[in-house]
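# coords below, sequence missing:
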């Protein structure tokens, strides 16, 4: 607590000031903040990896490529031969079990029905094919 200064000519007792002096509190807070900053460990933005030494083996095995075409009448072709939905699912299940799994290239025509194309994609996902590619997608850009 402190006292307000008296004015000259004014009589009576000085009024008591009821404000808290916050300067020591701020000083203590700043000291604690500096101590906290000093004690925090330095974070490194690096990830330590142990990389293999030497040259990797050459992969001379070319993956087999399966071509699935969908023509403008929405007929599905497996390697150039027309197939039904059941045959397509059976063939996809067969190649999904192969190791290494072949690449499947789907080439839809711009005029084919989207439902047929979506059915081919969903069948491939259900059968577990992971190496899929849509070929000729630039025809859909206007």
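It's in. The model shown is predicted, which means the values in this text are computed figures rather than measured ones.
# per-residue pLDDT of residue 65, please?
Note on residue 65: pLDDT of 95.
# off-centre distance for the lengthiest helix in the chain?
Secondary structure of the chain read by DSSP state H shows that its longest helix is helix 23-39. Distance of helix 23-39 from the chain centroid (C-alpha atoms, centre = their mean, to the nearest Å) equals 40 Å.
# may I have the phi/psi pair for the nearest residue to residue 133 once chain neighbours are set aside?
Once flanking residues are discounted, residue 133 sits nearest to residue 105: 5.1 Å by C-beta to C-beta, 6 or more residues apart in numbering. All C-beta spots, glycine's among them, are computed from the backbone N, C-alpha and C. Main-chain dihedrals, residue 105, degrees, to the nearest 10: phi -110, psi 120.
# what's the answer for residue 133, then?
phi -150, psi 140.
# am I right that it is in contact with residue 108?
No: the pair residue 133 and residue 108 fails to qualify as a contact (C-beta atoms under 8 Å) at a distance of 11.9 Å.
# pick out whichever of those two has more residues nearby.
residue 108 (25 against 11; other C-beta atoms under 10 Å).
# OK, contacts around the more buried one?
For residue 108, the contact set (C-beta atoms under 8 Å, 6 or more residues apart in numbering) comprises 69-70, 117, 134, 136.
# is it in a bridge, and if so with what?
residue 70 (DSSP bridges).
# follow-up on the earlier one: I'd like the contacts of residue 108 written out as TSV, with neighbour count added.
Shown next, in TSV, are those (neighbours: other C-beta atoms under 10 Å):
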residue	neighbour count
69	20
70	20
117	18
134	13
136	13
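# closest one of these to residue 49?
residue 134 (34.1 Å; C-beta to C-beta).
# what's the neighbour count on the residue lying closest to that closest one once chain neighbours are set aside?
Counting by C-beta to C-beta, 6+ apart, residue 134 lies nearest to residue 106, which is 5.3 Å off, once chain neighbours are set aside. Per other C-beta under 10 Å, the neighbour tally for residue 106 reads 20.
# got it, and the one 4 residues further on?
Burial of residue 110 is recorded as 8 neighbouring residues (other C-beta under 10 Å).
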